[in-house]
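**Student:** Predicted model follows, preceded by the sequence.
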Amino acid sequence: MKQRIFSGVQPSGTPTIGNYIGAMRGFVELQDDYEAVYCVVNQHAITVPQDPKVLRENTKSLTALYLAMGIDPSKSIIFKQSDVPAHSQAAWLIQCNLGLGELERMTQYKDKAAKQESIGAGLLTYPALMVGDIILYDAEFVPVGDDQRQHIELTRDFVDRFNSRFGNGNDILVKPEGLYPDHGARVMSLQDPSSKMSKSDSNVKGFISLLDTPKQITKKIKSAVTDSIGEVNYDKENQPAVSNLLDIYSSLSMRDIDDIVSEYQGTGYGAFKSDLADLTVATIEPIQERYNQLMAGDEVEDIIRDGAVRANEIASITLEKMEKAMGIR
Ligand code: AMP
Ligand code: TRP
């Protein structure tokens, strides 16, 4: 039997090239070796304010993008989080076994809370929902970008705690491991190399969305910040912006950084940026073509409906085990 993997992306905007390089591209490769479960985590997205209409559209659009990238519903389960009630049910059981201190220490919480005028309680308890996503499917591996390490560690601690509190010597839940890409696990903003590229950045010039037009992509890369050194070097300390562009270039072309650096010796940033723009467009264009076909038909809805049934079958079994172990069923 194949081992299971689980991952999720929030429909809080259109995925960026950071999501693609850091996580989603890997989803496609992994589905051949693992039994993969991929989720559109719309309940995570509502931990910060969302326009209901836009959220619904983004949810469908993200599902179509998963498919357009090559997630194959005959191999993998692809579903919408809110279609499987076990997620919110498990989140409650998990919250009752997590400490307030643990949740308050999460850097994602601190970062997001700092950006909100009023902080919803769901932003704090977000990791409980994420722990639930992973454990409900007995996932052994979780492919994610670097920013999720702390959440994966929390999940691992939670599993140990739950098994020792309620397992009577047996492991009820499976302890997962994070799978992080070697390169591109943390793609930075094109406008500020000290902050992560994010689909919800208010400065749209900071990120490349998978649905940007070739013209927008080229413009954003050409106006990406660099430095006054004027030489293409991989030096994260002194040339963080250029190093970030090199990371993107290397991830998309599968070429070594050193090889790319030597190609652009003495040419300045112009040619380098122009080639990176072409490479990015060439990566994204075929995905957009399939995306447009999918959005024009009914297939996406059918796949979401089927995914909900398959995900519910697995998740409800784990939920029942947890409830029994805790004495509420
Ligand atoms: P999110 O957009 O927060 O739902 O993230 C979905 C997945 O993409 C997670 O596995 C993240 O770790 C990954 N990810 C998000 N932003 C980046 C980034 N800038 N660089 C690399 N990976 C990222
Ligand atoms: N927290 C993740 C993010 O912000 C999204 C997510 C929710 C997730 N549940 C998950 C990722 C389960 C992996 C597994 O990117």
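**Tutor:** That came through fine. None of these values were measured; they are calculated from a predicted model. Ligands and ions are numbered 1, 2, ... in the order given.
**Student:** Quick one: classify the residue in the chain that ligand 2 sits nearest to as helix, strand or coil.
**Tutor:** Closest residue of the chain to ligand 2, Cβ to the nearest ligand atom: residue 8 (3.5 Å). For every residue, glycine as well, the C-beta is placed using N, CA and C. At residue 8 the chain is in strand, as set by DSSP: H, G, I helix; E, B strand; the rest coil.
**Student:** Could you double-check that it sits in contact with residue 133?
**Tutor:** Yes. With contact defined as Cβ atoms under 8 Å, residue 8 and residue 133 form a contacting pair (5.7 Å).
**Student:** Which one's more surrounded, these two?
**Tutor:** More crowded of residue 8 and residue 133, by other Cβ atoms under 10 Å: residue 133, with 27 against 24.
**Student:** For the helix or strand harbouring the more buried one, buried residues please.
**Tutor:** Here residue 133, judged by DSSP states H and E, is contained in helix 121-136. For helix 121-136, a neighbour-count test (16 or more other Cβ atoms under 10 Å) marks 123-136 as buried.
**Student:** per-residue confidence at residue 200?
**Tutor:** As predicted, residue 200 sits at a pLDDT of 87.
**Student:** tell me what the helix holding residue 133 is packed against?
**Tutor:** In this structure, helix 121-136 makes packing contacts with strand 4-9, helix 42-45, helix 86-95, helix 100-104, helix 107-115, helix 149-166, helix 299-326, judged by 3 or more Cβ pairs under 8 Å, 6 or more residues apart in numbering; DSSP states H and E.
**Student:** between these, which one is nearest to ligand 1?
**Tutor:** Of all the helices and strands packed on helix 121-136, strand 4-9 sits nearest to ligand 1, with 4.1 Å by Cβ to the nearest ligand atom.
**Student:** what about this protein, any weak spots by pLDDT?
**Tutor:** Regions of the chain meeting the criterion pLDDT under 70 are absent.
**Student:** Write out the residues of it neighbouring ligand 2.
**Tutor:** Neighbours of ligand 2 within the chain, by Cβ under 6 Å from any ligand atom: 6-8, 10, 41, 44, 130, 133-134, 142, 144, 148, 151.
**Student:** of these, list those near ligand 1.
**Tutor:** Among these, the residues that sit close to ligand 1 (Cβ under 6 Å from any ligand atom) are 10, 144, 148.
**Student:** nearest to residue 252, of those?
**Tutor:** For those, the minimum distance to residue 252 (Cβ to Cβ) is 19.3 Å, reached by residue 144.
**Student:** pretty sure that closest one is touching residue 180, no?
**Tutor:** Yes. Contact criterion Cβ under 8 Å: residue 144 and residue 180 qualify, at 6.9 Å.
**Student:** Looking only at neighbour counts, state which of the two leads.
**Tutor:** The neighbour count for residue 144 versus residue 180, taken as other Cβ under 10 Å, is higher for residue 144 (24 against 19).
**Student:** Next one: that one from residue 173, what distance?
**Tutor:** Distance, residue 144 to residue 173, by Cβ to Cβ, to the nearest Å: 19 Å.
**Student:** Taking helix 299-326 as reference, get the angle to the helix holding residue 133.
**Tutor:** With axes from the mean of the first three to the mean of the last three Cα atoms, to 10 degrees applied, the angle from helix 121-136 to helix 299-326 works out at 90 degrees.
**Student:** What residue in the stretch 101-250 of the chain comes nearest to ligand 1?
**Tutor:** Closest point on the stretch 101-250 of the chain to ligand 1, by Cβ to the nearest ligand atom, is residue 145, at 2.5 Å.
**Student:** which residues does that residue contact?
**Tutor:** Neighbouring residues of residue 145 by Cβ atoms under 8 Å, 6 or more residues apart in numbering: 18-19, 22-23, 180-181, 185-187.
**Student:** who's in contact with stretch 131-138?
**Tutor:** Residues from elsewhere that reach stretch 131-138 (Cβ under 8 Å, 6+ apart): 4, 6, 8, 37, 39, 41, 81, 84, 86-88, 90-91, 93-94, 98, 142, 151, 154-155, 158-159, 173-174, 176, 311, 314-315, 318-319.
**Student:** do the same with stretch 227-245
**Tutor:** 187-188, 190, 193-194, 221, 224-226, 246, 257-258, 260-261, 264-269, 272-273, 276.
**Student:** how about the nearest residue to the one residue in the chain that gets nearest to ligand 1, chain neighbours excluded?
**Tutor:** For the chain, the residue closest to ligand 1 is residue 22, as judged by Cβ to the nearest ligand atom, at 2.0 Å. Leaving out its chain neighbours, the residue that sits closest to residue 22 by Cβ to Cβ, 6 or more residues apart in numbering is residue 145, at 3.2 Å.
**Student:** cool, and residue 267?
**Tutor:** residue 232 (7.3 Å).
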